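Colleague: return a 3D structure for these sequence lines:
(4 chains)
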Protein chains: 2
Amino acid sequence: MGRRARGPGAQHEHRCREIADAVLEIVAERGLPAVSLSEVAARAGVSAGRVQHYFPSKKELIEAAFDRGNDLSSARINAKIGQDPQAASPRAVLAVVLTELIPYDPTTRVHMRVRQSFTARALADEAIAARLRQDYARLHQTLALLIRRDQDAGRIPATADPDDTAAGLVALAEGLAYYVLIDVSSADTARDLVLSALAEVYG
Amino acid sequence: MGRRARGPGAQHEHRCREIADAVLEIVAERGLPAVSLSEVAARAGVSAGRVQHYFPSKKELIEAAFDRGNDLSSARINAKIGQDPQAASPRAVLAVVLTELIPYDPTTRVHMRVRQSFTARALADEAIAARLRQDYARLHQTLALLIRRDQDAGRIPATADPDDTAAGLVALAEGLAYYVLIDVSSADTARDLVLSALAEVYG
DNA sequence: GTCAATCCGATACGATCACATCGAGAAACT
DNA sequence: AGTTTCTCGATGTGATCGTATCGGATTGAC
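Modeller: Predicted structure coming up:
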């Protein structure tokens, strides 16, 4: 009953991640509608039964993949920032986070394609929308805190609202990220625009 | 042969639009994956056979709905600008276009939900992507022209690149538009951010 | 070594889908 | 009036989907 599965725990999580990663690969290549149990099983190189065992419903499978995608993106960005977020200057951290939202290589392209797919589904899937809102709240809050720190240090005019400024910067980065994904803009152009927007925040 | 169907032409286009509008309604409510021939027929109040007659394949149906959605949005924005685009000041036109990209009432919410759905599909559907690229090219070009006009008039610093600036403003507006759609930001906040970004362009 | 929980492959089922086919009726041109 | 084209509802078909279920294999606890 209340007992926790202990022995196979490690294997369990590993298998779950394998399957979730297969979902992400399919989403990156052909979008969320292309995700089916048989597709996922084939991509992960396992039987459909196993997929069904770990994720009894498709809904759970999709949501697990969403969380997995978020974890991968967060890990990538955190690795870029370095182990000590307090050490670097707020502006440097802001620049890294914002530019990391722009796809500039195959890996980041995959990450942003996946994210874009889930943002679309959020419009019709409240479970995904709730997860996404929480995700945005955390991201915006983090950036707003950095802005506020540099406001206190006098490097950013105190007139700007930190929360709105943070939301604006992320919105710009994501809008440009989409342009890069569909080849409307180049990654370099997008990066320059984001960084110049950041520069304007700094007066 | 080369002959054009004349008599039933009017009815033909009218029926096509009815069906395309039904597709847009479904997309706005439950997303593109919810669009099926039977759903569309039921929503439009016609038989499935008629839908199939006017749109022999689902692909054509989706693409027609995409074009229809674009037409509706363009018409709405053009109506806001007024009949004489040369008369108004470039800045006023820029402000209208950018704020009209932000959902602020049920109608604009529907328009932007539909647009967001198609942008997601564009990642996996080259036909939609091509249409979207053309759409963006036109929009960005229009705004860049307005910016250039006010650069020539000395109202905007000549240092800024008109095309990149236009792309940045639209990207910001669309990123914020999505925040409004999933209730991350309010429409007022988004509007203010877009307008202040425009103000910064004007120095 | 025994036992129970977990794991997972195989199969079946009902629903839904896009699409094809057919044929009757309406309309338009000759 | 006759003929042809357009219109479109009805029905069938093959494929794919998500899910339920079952039975044996594996595993870890004791």
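Colleague: show me what contacts residue A:178?
Modeller: Taking CB atoms under 8 Å, 6 or more residues apart in numbering or on different chains, we find residue A:178 in contact with A:112, A:116, A:184, B:119, B:171, B:174. Glycine gets a C-beta too; all of them are placed from N, C-alpha and C.
Colleague: tell me the pLDDT at it?
Modeller: Residue A:178 is assigned a predicted lDDT (pLDDT) of 98.
Colleague: in what helix or strand does it lie?
Modeller: helix A:162-181 (DSSP states H and E).
Colleague: how far does the helix or strand following that helix sit from its chain's centre?
Modeller: Per DSSP H and E, the first helix or strand lying C-terminal to helix A:162-181 is helix A:187-201. Offset of helix A:187-201 from its chain centre (CA atoms, centre = their mean, to the nearest Å): 20 Å.
Colleague: let me have the contacts of residue A:178 in CSV, extended by distance to residue A:130, pLDDT and neighbour count.
Modeller: Below are the contacts of residue A:178 laid out as CSV (distance: CB to CB, whole Å; pLDDT from 0 to 100; neighbours: other CB atoms under 10 Å in any protein chain shown):
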residue, distance to residue A:130, pLDDT, neighbour count
A:112, 21, 97, 23
A:116, 18, 97, 24
A:184, 30, 97, 21
B:119, 22, 97, 21
B:171, 26, 98, 27
B:174, 22, 98, 26
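Colleague: now the helices for chain A?
Modeller: A:9-30, A:37-44, A:48-54, A:58-81, A:90-100, A:106-122, A:126-152, A:162-181, A:187-201 (DSSP state H).
Colleague: who's in contact with the first one?
Modeller: Counting by CB under 8 Å, 6+ apart, the neighbours of helix A:9-30 from elsewhere in the structure are A:5, A:34-35, A:39-40, A:43-44, A:46, A:50-51, A:54-55, A:61-62, A:64-65, A:67-69, A:72, A:109-110, A:113-114, A:117-118, B:124.
Colleague: now the buried members of those residues.
Modeller: A:35, A:39-40, A:43-44, A:46, A:51, A:54-55, A:61-62, A:64-65, A:68-69, A:72, A:109-110, A:113-114, A:117-118, B:124 (16 or more other CB atoms under 10 Å in any protein chain shown).
Colleague: ok, which of the residues you listed also contact DNA strand C?
Modeller: Here is what survives when those are matched to DNA strand C using CB under 7 Å from any atom of the strand: A:46, A:54.
Colleague: rewinding a little: so for the helix holding residue A:178, what gets flagged as buried?
Modeller: A:162-181.
Colleague: rewinding a little: check the helices of chain A for me and report the most buried one.
Modeller: Per-stretch averages of neighbours, counted by mean count of other CB atoms under 10 Å in any protein chain shown, single out helix A:162-181 among those, with a mean of 24.
Colleague: now the angle from it to helix A:106-122?
Modeller: 110 degrees (axes from the mean of the first three to the mean of the last three CA atoms, to 10 degrees).
Colleague: give me the low-pLDDT residue ranges for chain A?
Modeller: Scanning chain A for pLDDT under 70 picks out A:1-10, A:85.
Colleague: alongside DNA strand D, which residues does it contribute?
Modeller: So chain A meets DNA strand D at A:6-8, A:11, A:35-39, A:48-49, A:52, A:56-59 (CB under 7 Å from any atom of the strand).
Colleague: any idea which of these is closest to DNA strand C?
Modeller: residue A:49 (2.2 Å; CB to the nearest atom of the strand).
Colleague: for the closest one, what are its contacts?
Modeller: Applying CB under 8 Å, 6+ apart, no residues contact residue A:49.
Colleague: could you report the separation of it from residue A:38?
Modeller: Residue A:49 sits 11 Å away from residue A:38, going by CB to CB, to the nearest Å.
Colleague: what of residue A:24?
Modeller: 17 Å.
Colleague: do residue A:25 as well
Modeller: 15 Å.
Colleague: now do residue A:161
Modeller: For residue A:161 relative to residue A:38 (CB to CB), the value is 49 Å.
Colleague: also residue A:141?
Modeller: Residue A:141 is 40 Å from residue A:38, by CB to CB.
Colleague: swap in residue A:46?
Modeller: 11 Å.
Colleague: now residue A:170
Modeller: The separation that residue A:170 has from residue A:38, given CB to CB, amounts to 37 Å.
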